[in-house]
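Visitor: Build the 3D model from these lines:
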Amino acid sequence: MQRFINNPDDLVDETVAGFVKAHRRLVRLHPENPRVVLSVDAARPGRVGIVTGGGSGHEPAFIGYTGRNLVDAVAVGELFSSPTAKSFADAIRAADGGAGVAVLYGNYAGDNMNVKMAMRMVGKDGIEVATVVANDDVLSAPPVEREKRRGVAGEIFMWKIGGARAAEGAGLAEVQAAARKAVDACRSVGVGLGPCTLPAVGHPNFSIEAGTMEVGIGHHGEPGTKVEALRTADEVADEMLDIVMAEHEVGAGGEVAVLVSGLGATPVNELYVLYDRIEKGLSERGLSVHKAFVGNYFTSLEMVGATLTVMVLDDELKRLLDMETASPAL
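Guide: Next up is the predicted model:
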């Protein structure tokens with residue numbers, strides 16, 4: 001294992017420590033919980049707080065989206081593991097400015113369980129909490145069972161839209177509705193070309209044979225729906241776009257936001273090659289790209305591959321997407 005690691009058991013704490021030091025103008029560490037990262041602006045009196053959380057190894061998600069007009073507090077879990085209920089509860093308390101807290105997170109069993117436990121814990125403090133669970137990963141469940149789908153890179157749009165609506169001074173129900181609207185407008189798919197390795201394990205947690213690609217792969221290496229021969233970048237981009245657009249009901253003249261994220265080990269120039277073809281495909285459908293994000297936005301350690309997220313926009317989503325923000329990742 002060729003990695004910059006001290007003790008694997010300390011990797012997450014050392015990651016958070018270095019992150020907070022590097023971005024001290026934007027974030028700070030919770031004074032009592034080293035697994036909670038806060039915006040320097042949190043809590044904002046009279047405004048709805050925004051909280052998220054998830055396992056480490058996806059950097060810059062989740063901690064990188066802490067900042068002004070975005071996420072107020074992030075609960076940090078071990079590699080590919082949910083944060084504890086206590087960390088979620090501490091994040092909620094730290095983000096509460098008296099107007100309630102929106103917890104916006106991905107659809108994973110551990111996160112669902114621990115957020116529910118945290119809500120009961122902070123309920124004793126009189127803090128009102130509303131949740132939105134991202135489920136934008138198209139191939140992780142059929143459309144009739146969308147509630148079972150995983151949350152992937154579409155979570156970034158959920159945080160951006162929810163954080164912007166809170167910054168406008170909206171109430172808790174309005175922030176929740178805006179974040180839910182963002183999730184409902186997103187469809188995502190991932191393609192994996194190579195596995196990743198958990199440092200404490202020392203070997204890949206799954207395999208992808210040379211010359212093949214796994215379509216529909218999850219951020220933790222969850223199996224995709226099919227394994228295919230690796231094709232050209234244009235062909236892969238076309239397939240990804242066909243998958244997400246098959247579920248979007250948008251006609252010619254519509255506008256979208258596009259996010260192409262590497263999974264950790266994909267060169268950024270290859271992501272731009274994918275994006276070039278993706279925008280061409282959208283244009284051929286009569287759609288225009290209002291805003292594009294290309295880079296490592298939601299990774300999976302050193303996995304080789306990419307995810308595509310397309311969010312269909314209306315005037316409200318455009319306004320909130322365009323709101324100025326400041327965070328390490330966005």
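Visitor: Count residues in the vicinity of residue 310, would you?
Guide: For residue 310, the neighbour count with other Cβ atoms under 10 Å is 29. Every residue, glycine included, has its C-beta placed from N, CA and C.
Visitor: now it, what's its secondary structure?
Guide: Using DSSP: H, G, I helix; E, B strand; the rest coil, the structure places residue 310 in strand.
Visitor: ok, it touching residue 258?
Guide: Yes. Contact criterion Cβ atoms under 8 Å: residue 310 and residue 258 qualify, at 5.6 Å.
Visitor: Are there residues contacting both of these two? Which ones?
Guide: residue 282 (Cβ atoms under 8 Å, 6 or more residues apart in numbering).
Visitor: how deep is the residue nearest to residue 76 when sequence neighbours are not counted tucked in, by neighbour count?
Guide: Counting by Cβ to Cβ, 6 or more residues apart in numbering, residue 35 is the residue found nearest to residue 76 once chain neighbours are left out, at 4.4 Å. Other residues within reach of residue 35 by the criterion other Cβ under 10 Å amount to 23.
Visitor: One more: residue 230?
Guide: 14.
Visitor: and it, what does it touch?
Guide: Neighbouring residues of residue 230 by Cβ under 8 Å, 6+ apart: 193, 211-213, 236.
Visitor: Just flag the most distant two among those residues.
Guide: Farthest apart among the contacts of residue 230 by Cβ to Cβ are 211 and 236. That separation is 13.4 Å.
Visitor: More neighbours: which of those two?
Guide: Just comparing residue 211 and residue 236: by other Cβ under 10 Å the higher neighbour count belongs to residue 236, 23 against 8.
Visitor: And the more buried one, its phi and psi?
Guide: When quoted as degrees, to the nearest 10, the phi and psi of residue 236 stand at phi -70, psi -40.
Visitor: ok now do it, which residues does it touch?
Guide: Residue 236 sits in contact with 191, 213, 230, 274, where contact means Cβ under 8 Å, 6+ apart.
Visitor: can you tell me which of those residues are in strands?
Guide: Assigned to strands by DSSP state E, the following of the contacts of residue 236 qualify: 191, 213.
Visitor: still on that earlier bit, rebuild the contacts of residue 230 as CSV, extending it with pLDDT.
Guide: Compiled in CSV, the contacts of residue 230 are given as follows (pLDDT from 0 to 100):
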residue, pLDDT
193, 97
211, 96
212, 97
213, 97
236, 98
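Visitor: would CSV of the contacts of residue 236 with distance to residue 182 be doable?
Guide: Putting the contacts of residue 236 into CSV (distance: Cβ to Cβ, whole Å) gives the following:
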residue, distance to residue 182
191, 23
213, 29
230, 33
274, 23
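Visitor: top of the contacts of residue 236 by neighbour count?
Guide: Scoring these on neighbours with other Cβ under 10 Å, the highest-scoring entry is residue 191 at 25 neighbours.
Visitor: Parallel or antiparallel, list what pairs with the strand or helix carrying residue 77.
Guide: Per DSSP states H and E: residue 77 is located in strand 73-79. Partner strands and pairing direction for strand 73-79 (DSSP bridges) are strand 36-39 (antiparallel), strand 49-56 (parallel).
Visitor: Spit out the contact partners of residue 183.
Guide: Contacts of residue 183 (Cβ under 8 Å, 6+ apart): 132-136, 151, 154, 157-158.
Visitor: And for residue 208?
Guide: Neighbours of residue 208 in contact, by Cβ under 8 Å, 6+ apart: 192-195, 214, 227.
Visitor: Quick one: buried ones out of these?
Guide: 192-195, 214 (16 or more other Cβ atoms under 10 Å).
Visitor: And the strands in the stretch 51-200 of the chain?
Guide: In the stretch 51-200 of the chain, the strands defined using DSSP state E, counting those that start in this stretch lie at 73-79, 101-106, 129-134, 186-194.
Visitor: what about residue 268, how many neighbours?
Guide: Residue 268, neighbours per other Cβ under 10 Å, totals 12.
Visitor: How about it: what's its closest non-neighbour residue?
Guide: Residue 268 sits nearest to residue 295 (Cβ to Cβ, 6+ apart), 6.0 Å away.
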